[in-house]
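>>> Would you be able to build a 3D model of this:
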Amino acid sequence: MPKQQAESSWRSPFFWIVVGLFGIVFILEFSTPPDYVMSYLYVSPILIANSRLSRGAIFQIIFAAVILTLLNIWVPANEEIHTSMVVNRLVTVFALILTGILSDRYRQTQQILVQQQVKLQAQEKIMNVREDFASTLAHDLRTPLLGAIETLQAFDRGHFGTILSTQKTVLATMIRSHQNSLRLVETLLDVYRNETEGLQLQLKPINLAVLAEDVATSLLSLSTNRSVYLNLHYGESDFRKFLWVNGDDFQLRRVFINLLTNAINHSPRGAKVEVVLETQSAYQVVQVLDGGAGIRADEKPYLFERFYQGQSDRLATGSGLGLYLSRQIIEAHGGTIWAENRHPQGAVFGFRLPALPYSSS
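Numbering: from 1, shown residues only. I've put the predicted structure just below:
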């Protein structure tokens with residue numbers, strides 16, 4: 001392999017350009033008195049060689065430049081050798097060697113950077129293929145899941161014969177399981193769609209209080225099965241408030257569902273999940289409080305990252321997409337979402353949206 005590199009260096013046109021420059025500097029060096037140091041001009045062919053030729057050829061060129069620089073002390077014959085002349089040439093030799101070393105290191109650094117860039121591009125390509133595959137797979141899974149849910153619901157309604165009460169319980173469990181799978185598939189699709197196309201919002205005046213009440217009602221069966229009590233209140237006031245925002249009803253409903261489902265699933269039996277709705281200055285604030293295990297300090301920065309699943313019991317289940325999608329939706333509305341621990345036990349997941357003046361819409 002080194003032999004092949006040497007042959008390619010000799011055949012390279014840049015090698016002959018370097019030889020030509022070397023010849024010019026050689027003539028200037030040996031046609032002038034030794035007191036005049038022209039050897040520093042060897043820097044030019046060294047730098048040119050560093051950009052195109054092999055490392056072996058470069059070191060040979062540096063070695064030749066050093067020998068010729070020192071040789072000019074005695075050739076052509078000089079009757080008197082001055083100390084200053086020797087020192088000047090030694091300094092020049094040092095500069096030539098240092099130039100060669102630094103240029104070689106720069107070249108190696110550039111090669112490493114190019115290799116890293118190629119690796120990153122390959123990894124990015126693999127990630128794009130994986131994401132396209134996941135998106136296509138999720139899209140293809142949606143249709144059979146919908147068909148299975150419709151069929152099970154038809155069985156439950158007795159379209160295929162009489163259904164016993166014990167069978168209804170089994171069917172209800174199967175329908176709920178398929179609906180959970182469908183929600184996961186739709187969440188996965190939406191996450192990829194939002195990242196590629198951006199989240200498209202249908203904005204209109206929305207009362208977050210009404211939205212929270214609707215979602216809480218729809219999750220009563222889940223909270224009942226988990227023996228978790230849902231409670232909505234309005235901060236220090238017990239009176240119902242209006243929390244108007246300019247938002248997308250469908251998307252904000254998903255945020256409520258994600259946060260409430262998360263709180264219900266991670267609360268112990270007999271616990272209470274509270275939804276606190278407040279108006280703070282120019283913002284409407286929603287907080288979901290649970291009585292679960294809380295959040296570890298090292299997990300807080302990653303809670304809303306895609307596919308993140310922590311090591312604690314609280315984050316051991318789930319796809320890691322619900323909170324990430326919730327963050328996408330809230331940030332698209334110009335708001336912020338956060339999570340913190342609740343004292344003495346539990347966690348608080350909240351979000352803040354710009355308030356809209358009261359509307360009767």
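
>>> Which parts of this structure are strands?
204-207, 229-233, 244-247, 272-280, 283-289, 336-341, 347-354 (DSSP state E).

>>> Dump the ones you listed to CSV, plus mean pLDDT and mean neighbour count.
In short, each C-beta sits where N, CA and C put it, glycine included. Shown next, in CSV, are those (pLDDT from 0 to 100; neighbours: other Cβ atoms under 10 Å):
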stretch, mean pLDDT, mean neighbour count
strand 204-207, 94, 18
strand 229-233, 91, 15
strand 244-247, 94, 22
strand 272-280, 92, 18
strand 283-289, 94, 21
strand 336-341, 93, 16
strand 347-354, 95, 21
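
>>> which one of those strands lies closest to L90?
strand 336-341 (65.8 Å; Cβ to Cβ).

>>> re earlier: quick one: which of the strands of the chain is nearest L71?
Ranking these by proximity to L71 (Cβ to Cβ) places strand 336-341 first, at 73.2 Å.

>>> hang on, the earlier thing: can I get the strands of the chain in JSON lines with distance to I58?
As requested, the strands of the chain are exported to JSON lines (distance: least, Cβ to Cβ, whole Å):
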{"stretch": "strand 204-207", "distance to I58": "69"}
{"stretch": "strand 229-233", "distance to I58": "75"}
{"stretch": "strand 244-247", "distance to I58": "64"}
{"stretch": "strand 272-280", "distance to I58": "67"}
{"stretch": "strand 283-289", "distance to I58": "64"}
{"stretch": "strand 336-341", "distance to I58": "56"}
{"stretch": "strand 347-354", "distance to I58": "61"}
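
>>> closest one to K168 among the ones you listed?
strand 229-233 (24.9 Å).

>>> what packs against the closest one?
Applying 3 or more Cβ pairs under 8 Å, 6 or more residues apart in numbering; DSSP states H and E, we find strand 229-233 packed against helix 208-218, helix 220-225, strand 272-280.

>>> could you redo these as JSON lines and give each row distance to L325?
Converted to JSON lines, those look like this (distance: least, Cβ to Cβ, whole Å):
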{"stretch": "helix 208-218", "distance to L325": "15"}
{"stretch": "helix 220-225", "distance to L325": "19"}
{"stretch": "strand 272-280", "distance to L325": "19"}
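
>>> which stretch among those comes nearest N231?
Taking Cβ to Cβ, strand 272-280 is the member of the helices and strands packed on strand 229-233 nearest to N231, at 5.0 Å.

>>> Give the pairing partners of that closest one; include direction for each.
Paired strands of strand 272-280, with direction, are strand 229-233 (parallel), strand 283-289 (antiparallel) (DSSP bridges).

>>> Take the last one, keep the C-alpha atoms, and write them as PDB.
Extracted C-alpha coordinates of strand 283-289, given in PDB (Å, rounded to 0.1, in the frame of the first residue of the first chain):
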ATOM      1  CA  TYR A 283     -52.100  33.900  30.800                       C
ATOM      2  CA  GLN A 284     -54.500  31.100  31.400                       C
ATOM      3  CA  VAL A 285     -52.900  28.400  33.500                       C
ATOM      4  CA  VAL A 286     -53.900  24.700  33.800                       C
ATOM      5  CA  GLN A 287     -52.300  22.400  36.400                       C
ATOM      6  CA  VAL A 288     -52.900  18.600  36.800                       C
ATOM      7  CA  LEU A 289     -52.000  17.400  40.200                       C
END
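
>>> Let me have the strands paired with strand 272-280 in TSV, extended by distance to G56.
Output for those, formatted as TSV (distance: least, Cβ to Cβ, whole Å):
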stretch	distance to G56
strand 229-233	76
strand 283-289	68
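
>>> Show me the shaky parts of the stretch 101-250 of the chain.
Scanning the stretch 101-250 of the chain for pLDDT under 70 picks out 127-135, 137-139, 197, 237-239.

>>> tell me the contacts of A355?
Contacts for A355 (Cβ atoms under 8 Å, 6 or more residues apart in numbering) come out as 243-245, 279, 281-284.

>>> Go again with 7 Å.
Shown in contact with A355 (Cβ atoms under 7 Å, 6 or more residues apart in numbering): 244-245, 279, 282-284.

>>> In space, what's closest to it - neighbours in sequence excluded?
Sequence neighbours aside, Q284 is the residue nearest to A355 in space, at 4.9 Å (criterion: Cβ to Cβ, 6 or more residues apart in numbering).

>>> Now for S281, how many residues are close by?
By other Cβ atoms under 10 Å, the residues close to S281 number 6.

>>> Next, find the distance separating it from W74.
Separation of S281 from W74 (Cβ to Cβ, to the nearest Å): 87 Å.

>>> try T169
Distance, T169 to W74, by Cβ to Cβ: 106 Å.

>>> Show me the longest helix that occurs in the protein.
Scanning the chain for the longest helix, with DSSP state H as the assignment, gives helix 83-156.

>>> Provide the count of other residues in contact range of the closest residue to D190 other than its chain neighbours.
Spatial nearest neighbour of D190, chain neighbours left out: L325 (6.2 Å); criterion: Cβ to Cβ, 6+ apart. Each residue near L325 was counted by other Cβ under 10 Å, and the total is 23.

>>> so what's L325 up against?
187, 190-191, 254, 258.

>>> And G100, by the same measure?
Listed by Cβ under 7 Å, 6+ apart, the contact partners of G100 are 46, 58, 62.

>>> can you tell me which of those lies nearest to Q200?
Ranked by distance to Q200 (Cβ to Cβ), the contacts of G100 are led by I58 at 57.1 Å.
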